[in-house]
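Enquirer: Please work out how this folds:
(chains A and B)
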Amino acid sequence: MTEAAPDYAAPLTGWRLWLLDSDDEGPVLTSPVATSRWPARVATTASCRAGCERPPAWECGCGLYATAHLRRLLTTGVTAGVVLGCAALWGRVVEATEGWRAERGYPLVLFAPTVDHGGRFDVQQAVLWRALVRRPGITPPPDPPDAATLRALAHRYAVPVHAVPTLRRGHAAWMDGPATVVRDEAARGLAARRLGDGHARLRFERAVEDLLAVLDRQRPPDGPPPIIA
Amino acid sequence: MRIGEQVRVVNVEPIVDPVPDGDFPERPAEVRPLVPRPTPRSGRAATPRQQQRIRARARRGVTVP
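Expert: Prediction:
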């Protein structure tokens, strides 16, 4: 019996968070829940501690998680030491109403909070780490990542990495529109970008720039919300 | 991470591998230079008014490529 015919020929894309860790070769993305690292230049494959044969299983909670909308992630805020990103998901995927659990994944674009707010968000950061990091022995990094660290991260994973200010819970409502455009374009133009289509690359860069502009202004975008196909 | 109620299981097989193969962010692929978009009259013959100007310039000794 052969594998069932594929339902999609392009990867699904969703938003998720990683912790920014480091090893001998430089900065590395790690899962905030499971003790696993996302390898660079290789697809991350889900594994199950409960012993599922091929994660994600329908009855289990295993798999690589990602959400369709940012508001599901920014429930407490995202500060230094955490990386927000849009990830491609493929293989066996359990589709849910507001996200996915996938068998394989790889980041497509990353946003790393770097701005030090002088302790203004220490309380929020503590709440975030309690909510996000469920592994013992993990402590928040003392300093925000510098430009050299982000460059090393970009080179290691071969994906764009953008420095952003601290993302607060209140940002989610008006970041959702530009973030959804980035997510859609990340998947829709992936094949064209990889084949060298300059227009597809520019479309993706413009979507990312629009999101960064909203983050830099720290206020809702001007004008009507974007049309999302 | 809460992703809501499970709906279905899908099998996703991308035609293009989402994992970059030796790409770098500042040079994601071998991108050809963009060809300028053609205008409605690009490549057409000069209009009578343009031909009149060209002849006038030629009479004055101005050469237009």
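
Enquirer: For chain B, what's the nearest residue on chain A?
Expert: At 2.9 Å from chain B, A:Gly99 is the closest residue in chain A, using Cβ to the nearest Cβ. (C-beta placed from N, C-alpha, C; glycine too.)

Enquirer: OK, contacts around that residue?
Expert: A:Gly14, A:Tyr65, A:Ala66, A:Thr67, A:Ala68, A:Arg72, B:Met1, B:Arg2, B:Ile3, B:Gly4 (Cβ atoms under 8 Å, 6 or more residues apart in numbering or on different chains).

Enquirer: Grab the nearest non-local neighbour of it.
Expert: B:Ile3 (2.9 Å; Cβ to Cβ, 6 or more residues apart in numbering or on different chains).

Enquirer: Show the subsequent helix or strand relative to the one helix or strand A:Asp176 maps to.
Expert: According to DSSP states H and E, A:Asp176 maps onto helix A:172-188. Note on helix A:172-188: by DSSP H and E, the next helix or strand toward the C-terminus is helix A:190-194.

Enquirer: quick one: B:Pro18 and A:Leu12 touch, right?
Expert: No. Judged on Cβ atoms under 8 Å, B:Pro18 makes no contact with A:Leu12 at a distance of 10.1 Å.

Enquirer: Could you name every residue contacting both of the two?
Expert: Going by Cβ under 8 Å, 6+ apart, residues that sit against B:Pro18 and also against A:Leu12 are A:Ala88, A:Trp90.

Enquirer: Strands of the chain, start to end?
Expert: The chain I'm using is chain A. Here chain A has its strands, by DSSP state E, at A:12-23, A:26-30, A:37-38, A:44-45, A:64-67, A:82-96, A:99-113, A:161-164.

Enquirer: my bad, chain B
Expert: Under DSSP E, chain B gives strands at B:6-12.

Enquirer: where does chain A have its least confident helix or strand?
Expert: helix A:122-132 (a mean of 56; mean pLDDT, DSSP states H and E).

Enquirer: ok, now chain B?
Expert: Result, chain B / mean pLDDT, DSSP H and E: helix B:48-60, a mean of 84.

Enquirer: pull the CA atoms of that one into CSV?
Expert: Only the C-alpha atoms of helix B:48-60 are listed here, as CSV (Å, rounded to 0.1, in the frame of the first residue of the first chain):
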residue,chain,number,x,y,z
PRO,B,48,5.2,62.2,-37.1
ARG,B,49,5.8,64.9,-34.5
GLN,B,50,9.0,63.1,-33.3
GLN,B,51,10.2,62.6,-36.9
GLN,B,52,9.7,66.4,-37.4
ARG,B,53,11.9,67.1,-34.4
ILE,B,54,14.5,64.6,-35.5
ARG,B,55,14.7,66.2,-38.9
ALA,B,56,14.9,69.7,-37.3
ARG,B,57,17.7,68.6,-35.1
ALA,B,58,19.5,67.0,-38.1
ARG,B,59,19.2,70.3,-39.9
ARG,B,60,20.8,72.0,-36.9
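
Enquirer: thought B:Glu13 was touching A:Ala10?
Expert: No. The criterion here is Cβ under 8 Å, and B:Glu13 misses it with A:Ala10 at 9.4 Å.
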